[in-house]
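Participant: this one's sequence-less:
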């Protein structure tokens, strides 16, 4: 298993863990967004640009969800 594959495994595992824990804290939503960003980087580095593009979109969607949740908690 090379370094790129390990990086991809880490990114996808982090996405799974953070997604499962989103209801516990809004910080898990932010961590999910970061993990999606890492997954996007992995996709582009691997040469699977459609995967990289979709993960980048998910990162933006999750970051927006984090902002909305954070503002709802602070309101």
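Facilitator: On my side now, so go ahead. Since the structure is predicted, the reported quantities are computational estimates derived from the model, not experimental observations.

Participant: Poorly predicted segments of the protein, please.
Facilitator: Within the chain, the set of residues satisfying pLDDT under 70 comprises 74-75.

Participant: quick one, phi/psi of the residue sitting nearest the centre point of it?
Facilitator: Central residue of the chain (CA atoms, centre = their mean): residue 36, 2.2 Å from the mean position. Dihedral pair for residue 36: phi -60, psi -40, per degrees, to the nearest 10.

Participant: give the contact list for it.
Facilitator: Residue 36 makes contact with 15, 55, 56, 58, 59, 62 under the criterion CB atoms under 8 Å, 6 or more residues apart in numbering. Any C-beta I mention is one placed from the backbone N, CA and C, and that applies to glycine too.

Participant: now do residue 28
Facilitator: Counting by CB under 8 Å, 6+ apart, residue 28 touches 18, 19, 21, 22.

Participant: of all the residues you listed, which comes closest to residue 42?
Facilitator: Comparing those against residue 42 with CB to CB places residue 18 closest, at 15.6 Å.

Participant: Correct me if wrong: that closest one contacts residue 26.
Facilitator: No: if you go by CB atoms under 8 Å, residue 18 and residue 26 don't touch, sitting 11.3 Å apart.

Participant: for the lengthiest helix in the chain, which positions count as buried?
Facilitator: Longest among the helix segments of the chain by residue count, using DSSP state H, is helix 49-74. Neighbour-count burial for helix 49-74, counted by 16 or more other CB atoms under 10 Å, picks out 51, 52, 55, 56, 58, 59, 62, 63, 65, 66, 69.
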